[in-house]
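In: Let's see this in three dimensions:
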Amino acid sequence: MLRNRKPLLPLLVVIFILFFDVSVSAQCGTGKISKVIQGFGSIITADNAYGGSTGINALGAPDGNGAYFSNNGQYIIIDLLDTVAVGQTYSFIWRQYQNVTGLSLLWWSESTDGITFNPRGNISTFNERYFSEEVVASTPTRYIKIYMQTGTADFSVDAVSYYATKCFSDECGAEYTSQLISGNATYYSGISINNSTYANFVPDGTGALINSTSDYARFRLPYLIPAGQEYYIIWRPAQNGSQLRIRESTDGVSWSGYKYTTALSASSVFVLHVEKAGISTGYIEISIANGSDIYLDALVFNAISCNPPAPDLDVEGSYTYCGSPISIAPALNLTDLNNQVVNEAYVQIETSYVAGQDRLECTENYGITATWNSTYGVLYLSGQATVAQYQSVLRTVTYRNLSGTPPLGTKQIVFSLERFNINTNHYYRFVSNSNIRWPVARLDAERAFLYGMQGYLVTITSDAENDFLLYQMNSNGWIGGSDFYYAADDWYWMTGPEAGTMFWQGEESGTVITYANWNPGAEPNNYNGNDEAFAHIYPSSSSLSGTWNDERITYNGYSYYVEFGGMPDDPLLDLYGIVTVEIDNQPPTLTGVFPTGQADMDLCYSSIPVGPSIATIAALYSDNCGGTITVTKSGTPTGNDCSWSVTYTYTVRDWRGNYVSSVPSITYSGGDQTAPVLTGVFPTGQTGMDLCYGDIPAGPTEADIAALYTDACGGAI
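Out: Residues are numbered from 1 along each chain as shown. Now for the predicted structure:
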């Protein structure tokens with residue numbers, strides 16, 4: 001079933017918004033700036049859908065539960081809270097109601113004030129699977145009326161999302177960046193609040209009940225709203241005279257005085273209260289002023305934060321590891337004229353990491369603590385401290401190896417203030433949140449920023465990037481892939497620079513188009529017939545570590561991953577630096593004259609020279625690491641006194657076993673070259689002897705003569 005949205009449209013929408021923002025900026029007036037915000041329909045001002053009560057199902061982010069239209073004349077009116085300008089877009093997430101016949105037509109009208117509506121027409125579908133259909137506003141639109149006319153099949157509307165441009169006062173100095181901060185407050189504590197989760201995240205038309213003046217609800221904001229800027233409270237007076245009592249806090253400890261809203265009559269319709277922050281506000285407390293019950297549905301904000309320039313991190317150098325811990329960032333510079341507070345830093349061995357051997361350490365200080373992850377080779381520094389204090393701690397980082405003979409290799413070690421991937425040149429942030437659906441995660445990721453860089457749900461384009469993500473994950477994490485916005489089983493990246501790129505087609509036996517890492521042979525599978533249209537990645541703690549799964553729109557049990565980098569107008573940041581550590585790979589160097597052997601020596605076998613000693617050879621070499629040089633010697637004489645030889649060979653190595661490959665050998669050869677020497681009185685003969693021939697003397701015996709001689713080698717003569 002084909003979607004109505006074309007594959008390249010998400011990227012085109014982003015480009016369109018960028019151009020649109022430029023044109024609107026001029027319309028904001030002097031001292032004003034424009035920012036494009038995103039949101040979902042937030043208030044039902046009229047509910048005449050099926051049963052008169054299902055209209056609230058069209059509020060907030062998609063959750064698979066829609067407002068139901070079954071008869072002619074049924075309608076709802078949705079307040080977006082913000083006005084979508086002509087030419088900007090909003091989207092209906094809707095479907096044909098299941099198991100009906102005929103074509104479904106969704107009719108709608110636009111309004112600026114919620115009273116006068118300008119009819120737009122209709123859109124149609126046979127699709128029984130929720131999908132997103134985008135339209136362009138023809139009039140300034142804050143209110144949208146959705147209705148059904150006769151002769152068409154039933155349909156459901158799950159949500160209405162939108163883009164809108166707002167003008168803000170530009171009070172930031174020349175050196176500061178005007179950053180849009182957007183989001184929803186999260187309930188974190190209170191007294192006697194009924195169904196407090198109904199006040200969390202985006203509006204849902206239900207609300208948490210406060211019914212006593214001693215009760216209160218406290219909410220935490222993801223960013224500090226500067227004093228003088230607005231936030232929205234969506235609430236409903238449950239009794240006549242209901243009014244809100246509001247306190248604000250920067251840190252959640254010290255609270256401002258109370259502020260009060262106008263008392264209102266009881267109503268079944270939620271209303272919008274716009275409040276200006278009296279102080280820099282990170283926490284909001286809401287209670288009731290006069291005992292009349294109220295319902296709180298959500299706190300929403302879009303404001304401008306004046307951000308100082310990003311810190312600049314510079315570190316470089318190449319170091320040789322010689323067996324002892326070495327300092328690898330003594331000259332690291334983390335500069336920031338404002339010396340702003342940061343919360344974390346990362347030092348990671350990116351290449352040639354050997355688990356169980358390589359180790360990074362530092363000296364903790366200023367409340368900054370360090371945690372070493374031996375699986376991924378990451379030293380994580382955390383704690384609120386100034387840029388100067390982080391610089392001081394980062395300068396103490398050392399490298400060592402737990403092995404006596406570490407394998408050779410060049411290790412690239414990355415220092416960064418947000419985790420940085422040298423392969424993508426992007427930054428990454430894992431957001432732990434166990435209660436968020438994919439559409440909300442996508443919105444919150446796009447509201448995230450890194451010193452002006454635009455965040456988005458992570459897109460994964462290689463095994464290396466996929467593996468890189470696992471370090472920060474402590475639970476399943478949403479990623480930016482979905483087949484919700486296109487034809488079923490056509491999986492696209494919906495976020496970031498890859499928005500509109502198909503990466504997979506089909507279910508578990510489908511085809512990879514660019515890169516995918518689904519659980520092999522099992523995903524994506526629309527398990528048990530569920531419409532599972534959103535991708536997530538399993539953490540390393542799972543048996544399915546690093547693989548992907550598809551999940552249904554109603555699931556809210558995952559965290560999410562934010563990626564920064566590659567978006568139009570991203571500023572150039574320098575939040576990282578790289579040093580290299582080379583495991584000593586240089587063998588010792590000969591610095592003296594190596595001795596030579598001797599041939600044809602006049603020596604007995606027992607007098608063969610022993611050759612230079614180990615100490616003598618070691619003294620001839622020097623090592624770049626300055627450590628101990630180890631020498632071994634071998635050589636066995638062969639032959640006898642007449643002819644013998646011996647060759648002595650030496651091995652020369654340093655602390656980690658780097659061998660000198662060209663150590664000369666020393667050969668000695670020779671034998672006994674000296675004749676025996678007469679040492680006694682050699683006997684003489686006699687002439688004129690009066691002897692018969694038969695009596696001729698036998699003369700001295702051989703033994704007698706041999707006894708008269710000695711030999712240098714002492715052998716037999």
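
In: from here on, contacts and neighbour counts on C-alpha atoms
Out: OK.

In: in the stretch 51-200 of the chain, which spans are strands?
Out: Along the stretch 51-200 of the chain, counting by DSSP state E, counting those that start in this stretch, strands occupy 67-69, 75-84, 89-96, 104-111, 117-125, 131-136, 141-147, 155-169, 177-184, 186-191.

In: What's the mean pLDDT across the shortest one?
Out: This means strand 67-69. On average, the pLDDT along strand 67-69 is 97.

In: just to revisit the earlier point, looking at the strands of the stretch 51-200 of the chain, which is nearest to residue 34?
Out: strand 155-169 (4.4 Å; C-alpha to C-alpha).

In: Please identify the deepest-packed of the strands of the stretch 51-200 of the chain.
Out: Across the strands of the stretch 51-200 of the chain, the average number of neighbours (mean count of other C-alpha atoms under 10 Å) peaks for strand 67-69, which reaches a mean of 27.

In: Tell me which other helices or strands that one touches.
Out: strand 155-169 (3 or more C-alpha pairs under 8 Å, 6 or more residues apart in numbering; DSSP states H and E).

In: can you do 10 Å?
Out: For strand 67-69, the contact count by 3 or more C-alpha pairs under 10 Å, 6 or more residues apart in numbering; DSSP states H and E identifies strand 43-48, strand 75-84, strand 89-96, strand 155-169 as packing neighbours.

In: between these, which one is nearest to residue 206?
Out: Taking C-alpha to C-alpha, strand 43-48 is the member of the helices and strands packed on strand 67-69 nearest to residue 206, at 10.2 Å.

In: how distant is that closest one from the center of its chain?
Out: 42 Å (C-alpha atoms, centre = their mean, to the nearest Å).

In: partner strands of that strand, parallel or antiparallel?
Out: Looking at strand 43-48 with DSSP bridges, its partner strands are strand 75-84 (antiparallel).

In: what is the mean pLDDT for the partner strand?
Out: pLDDT averaged over strand 75-84 gives 97.

In: Could you do stretch 468-488 as well?
Out: 92.

In: now do the same end-to-end measure for it.
Out: End-to-end span of stretch 468-488 (C-alpha to C-alpha, to the nearest Å): 30 Å.

In: Can you give me the buried ones in it?
Out: Neighbour counts over stretch 468-488 (16 or more other C-alpha atoms under 10 Å) mark 468-470, 472-488 as buried.

In: ok, now stretch 356-368?
Out: So for stretch 356-368, counting by 16+ other C-alpha under 10 Å, buried means 357-362, 364, 368.

In: closest to residue 713 among these?
Out: For those, the nearest to residue 713 is residue 357 (58.6 Å; C-alpha to C-alpha).

In: right, and the closest one touches residue 374 too?
Out: Yes. Between residue 357 and residue 374 there is a contact at 8.8 Å, judged by C-alpha atoms under 10 Å.

In: Quick check: the nearest residue to residue 279 once chain neighbours are set aside vs residue 257, distance?
Out: Of all residues not flanking residue 279 in the chain, residue 227 sits nearest, at 4.4 Å (C-alpha to C-alpha, 6 or more residues apart in numbering). Distance of residue 227 to residue 257, computed by C-alpha to C-alpha: 14 Å.

In: Next: residue 157.
Out: On the measure of C-alpha to C-alpha, residue 157 and residue 257 end up 42 Å apart.

In: Could you do residue 626 as well?
Out: Distance from residue 626 to residue 257, by C-alpha to C-alpha: 69 Å.

In: Which helix or strand lies directly C-terminal to the lowest-mean-pLDDT helix or strand in the chain?
Out: Every helix and strand in the chain was compared by mean pLDDT, DSSP states H and E; the lowest is helix 9-27, with a mean of 42. Where DSSP states H and E defines the elements, the next helix or strand beyond helix 9-27 is strand 32-40.

In: Please identify the buried residues of that following strand?
Out: 33-40.

In: Redo the residues you listed as CSV? Include pLDDT.
Out: Listed next are the buried residues of strand 32-40 as CSV, based on pLDDT from 0 to 100:
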residue, pLDDT
33, 92
34, 92
35, 93
36, 93
37, 94
38, 93
39, 93
40, 95
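
In: burial count for the residue nearest to residue 279?
Out: 12 (other C-alpha atoms under 10 Å).

In: Give me the distance between the two termini of stretch 62-72.
Out: First residue to last in stretch 62-72 (C-alpha to C-alpha) measures 25 Å.

In: and residue 328, how many residues sit next to it?
Out: 25.

In: isn't residue 146 right next to residue 94, touching?
Out: No. Contact criterion C-alpha under 10 Å: residue 146 and residue 94 do not qualify, at 11.3 Å.

In: what residues do those two have in common as contacts?
Out: 106, 157 (C-alpha atoms under 10 Å, 6 or more residues apart in numbering).

In: Return the residues in contact with the residue nearest to residue 279.
Out: 276-281.

In: how much space is there between it and residue 304?
Out: With C-alpha to C-alpha as the criterion, residue 227 and residue 304 are 10 Å apart.

In: Check residue 597 too.
Out: 84 Å.

In: Residue 141 too?
Out: 23 Å.

In: and if you look at residue 531?
Out: 38 Å.

In: Tell me which of those two has more neighbours.
Out: Comparing residue 531 with residue 304 by other C-alpha under 10 Å, the one with more neighbours is residue 304, at 24 against 20.

In: Ramachandran angles for that one?
Out: phi -110, psi 130 (degrees, to the nearest 10).

In: Equivalent analysis for residue 693, please.
Out: Taking degrees, to the nearest 10 as the convention, residue 693 sits at phi -60, psi -40.

In: contacting residues around the residue nearest the centre of the chain?
Out: Nearest residue to the geometric centre of the chain (C-alpha atoms, centre = their mean): residue 428, 3.7 Å. Residues counted as contacts of residue 428 (C-alpha under 10 Å, 6+ apart) are 418-421, 450, 455-458, 468-469, 472, 561-565.

In: ok, now residue 72?
Out: Residue 72 touches 147-152, 154, counting by C-alpha under 10 Å, 6+ apart.

In: Residue 69: which of these is nearest?
Out: The closest of those, once distances to residue 69 are taken by C-alpha to C-alpha, is residue 154, at 5.6 Å.

In: Not including adjacent chain positions, what is the nearest residue to that closest one?
Out: Per C-alpha to C-alpha, 6+ apart, closest to residue 154 is residue 70, 4.7 Å.

In: ok, now residue 700?
Out: Sequence neighbours aside, residue 683 is the residue nearest to residue 700 in space, at 7.5 Å (criterion: C-alpha to C-alpha, 6+ apart).

In: Give the helix, strand or coil label for the one you found.
Out: coil (DSSP: H, G, I helix; E, B strand; the rest coil).

In: And the buried residues of strand 32-40, which two are furthest apart?
Out: 33 and 40 (22.7 Å).

In: shaky segments in the stretch 401-550 of the chain?
Out: 434, 528-529 (pLDDT under 70).

In: Run through the strands of it in chain order.
Out: With DSSP E, counting those that start in this stretch as the criterion, the stretch 401-550 of the chain has strands spanning 410-416, 419-421, 426-431, 449-450, 453-457, 477-482, 490-493, 501-505, 511-512, 532-537, 548-552.

In: Which one, of these, ends up nearest to residue 390?
Out: Closest among the strands of the stretch 401-550 of the chain, using C-alpha to C-alpha: strand 410-416, at 11.0 Å.

In: Show me what that closest one packs onto, helices and strands only.
Out: strand 312-314, strand 318-321, strand 341-349, strand 378-386, strand 576-583.

In: out of those, which comes closest to residue 269?
Out: Short answer: strand 341-349, nearest of these by C-alpha to C-alpha, at 41.8 Å.

In: Check which residues of the closest one are buried.
Out: So for strand 341-349, counting by 16+ other C-alpha under 10 Å, buried means 342, 344-349.

In: Give me the sheet partners of the next helix-or-strand element following that strand and which way each runs.
Out: Counting by DSSP H and E, the next helix or strand C-terminal to strand 341-349 is strand 358-361. Applying DSSP bridges to the sheet, strand 358-361 is found paired with strand 398-401 (antiparallel).
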